[in-house]
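[1] turn this into a model:
(one chain, ligands or ions: 2)
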Amino acid sequence: MAKIEPLQNLMAEYLNEATLPSTWCPGCGIGTTMGGLVRAVSASDIPREKFVLVTGIGCYGGAGTYIRMSDIHALHGRCPSYATGLKLARPDLHPILLMGDGDSSAIGGNHLIHAARRNINITAIIMNNHIYGMTGGQYSPTTPIGTKAATAPFGLTDHPFDICRLVAAAGGTFVARTTVYHVAQLASLIGRAIAHPGFSLVEVESICPTYFGRRKKMGSPVQMLHWLKDNSVSAAKAKEMSPEELEGKVVTGVFVEEHRTECVAEYQELIKRIHAK
Ligand SMILES: Cc1ncc(C[n+]2csc(CCOP(=O)(O)OP(=O)(O)O)c2C)c(N)n1
Ligand code: SF4
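    Numbers count the residues shown, from 1 in each chain. Ligands and ions are numbered 1, 2, ... in the order given. Here you go, the predicted model:
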């Protein structure tokens, strides 16, 4: 992997200025995540034309039009299925899935766990802003208990999913989390996920100042970033903390990095064996 470049060196090459301005609210975490993605792609050993962005339906869904890379815009929650089909048909391509917490863990939850189970060599980036941004602030499976949302005006009574633990339990072989505050770690973890030969997930703790932060009275986007800085702990430090101390904290780092048979390679081997008979 080449050195990760500062984002300003890559803007002219990757940003599709003709499609701007973007629809994203000022201070939204999606732009920062896209910055990390572009830096990781440009530093990768895989040629840029081999990447395909697969975007689901959510605020981040327009990302494919703003960045100069091949892209497919999938149905809500169906990124893993589109990417699986693409990878089976063209194993030389590297799909990068862009999903939201609602897209990936609600309507698309089933698709996500089965892609992880198969250990298909695709990279999933989940921007977890803990809310449905695009449709106006309904709660998602990652909204913290007690949060007031458009569909929980008196506070949510459901317990949230931990997306990393879900994907690790399903069989994902590279599972990591970072935040939009930690921009260097963001680019480097996406780079490691891309290089990993199996199902890789980077969950990005993102911010939605418009529907999550405003309702929770978290202040400006800058104050939300400060909240992330003050409430994040590394996986190494988390090991020494009690469950009470970890309550409400964002644990960052790599949780799983292991090697297991990859499904497309196995499938191709099977085809070869059948043809050889
Ligand atoms: C089949 C289907 N059901 C529901 C919707 C409506 N819908 C569009 S985006 C969205 C939620 C998006 O939330 P999330 O994935 O968290 O992304 P965000 O907008 O927060 O970035 C929903 C429910 C849809 N487009 N298609
Ligand atoms: S509604 Fe939230 S997630 Fe959507 S663009 Fe605005 S800040 Fe970002």
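[2] apart from its neighbours in sequence, what residue is nearest I67?
    Using CB to CB, 6 or more residues apart in numbering and skipping the chain neighbours, the partner closest in space to I67 is Y14 (5.6 Å). Backbone N, C-alpha and C define where each C-beta goes, glycine included.
[3] and the gap between the residue at the greatest distance from the centre of the chain and A187?
    For the chain, the largest distance from the centre (CA atoms, centre = their mean) belongs to K277, which lies 42.1 Å off. As for K277, its distance to A187 is 47 Å (criterion: CB to CB, to the nearest Å).
[4] the residue nearest to I67 reaches V38, doesn't it?
    Yes - the criterion here is CB atoms under 8 Å, and Y14 meets it with V38 at 4.6 Å.
[5] settle it for me: which of those two has more neighbours?
    V38 (23 against 19; other CB atoms under 10 Å).
[6] any buried residues in the helix or strand containing L97, and which?
    Per DSSP states H and E, L97 falls inside strand 94-100. The neighbour-count check on strand 94-100 (16 or more other CB atoms under 10 Å) flags 94-100 as buried.
[7] among these, which one lies nearest to ligand 2?
    Of all the buried residues of strand 94-100, G100 has the smallest distance to ligand 2: 7.8 Å, by CB to the nearest ligand atom.
[8] so what's the residue in the stretch 151-277 of the chain that ligand 2 sits nearest to up against?
    Nearest to ligand 2, among the residues of the stretch 151-277 of the chain, is C208, at 3.2 Å (CB to the nearest ligand atom). Applying CB atoms under 8 Å, 6 or more residues apart in numbering to C208 gives the contacts 25, 28-29, 59, 129-131, 133.
[9] do H114 as well
    Neighbours of H114 in contact, by CB under 8 Å, 6+ apart: 80, 170.
[10] and R165, which of the three is it?
    helix (DSSP: H, G, I helix; E, B strand; the rest coil).
[11] what about the residue nearest to it when sequence neighbours are not counted, how many neighbours?
    Leaving out its chain neighbours, the residue that sits closest to R165 by CB to CB, 6+ apart is F255, at 7.9 Å. Other residues within reach of F255, judged by other CB under 10 Å, total 19.
[12] a helix runs through F255, doesn't it?
    No - read with three-state DSSP, F255 is strand and lies in no helix.
[13] that one is in contact with I163, isn't it?
    No - assessed by CB under 8 Å, F255 is found out of contact with I163, at 10.8 Å.
[14] what about the nearest residue to G213 once chain neighbours are set aside, neighbour count?
    Excluding the flanking residues, the one nearest G213 by CB to CB, 6+ apart is M224, at 5.0 Å. Residues lying near M224 (other CB under 10 Å) number 23.
[15] list, one by one, the residues from the stretch 101-250 of the chain near ligand 2.
    Residues of the stretch 101-250 of the chain lying near ligand 2 by CB under 6 Å from any ligand atom: 129, 133-134, 208-211.
[16] ok, the residues you listed vs A150, which is closest?
    Using CB to CB, Y211 is the member of those that lies nearest A150, at 7.6 Å.
[17] in contact with that closest one, which residues are there?
    131-133, 136-137, 150.
[18] what do you get for L270?
    With CB under 8 Å, 6+ apart, L270 has no contacts at all.
[19] please identify which helix or strand holds it.
    Using DSSP H and E, L270 falls in helix 263-276.
[20] and that helix, which residues are buried?
    Of all the residues in helix 263-276, those buried under the rule 16+ other CB under 10 Å are 263-264.
[21] what does stretch 54-70 give?
    54-69.
[22] now do the strands in this protein.
    For the chain, the strands defined by DSSP state E cover 51-55, 70-73, 94-100, 123-128, 174-179, 200-205, 232-234, 250-257.
[23] mean pLDDT added to those, as JSON lines?
    Below are those laid out as JSON lines (pLDDT from 0 to 100):
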{"stretch": "strand 51-55", "mean pLDDT": "98"}
{"stretch": "strand 70-73", "mean pLDDT": "97"}
{"stretch": "strand 94-100", "mean pLDDT": "98"}
{"stretch": "strand 123-128", "mean pLDDT": "98"}
{"stretch": "strand 174-179", "mean pLDDT": "98"}
{"stretch": "strand 200-205", "mean pLDDT": "98"}
{"stretch": "strand 232-234", "mean pLDDT": "98"}
{"stretch": "strand 250-257", "mean pLDDT": "98"}
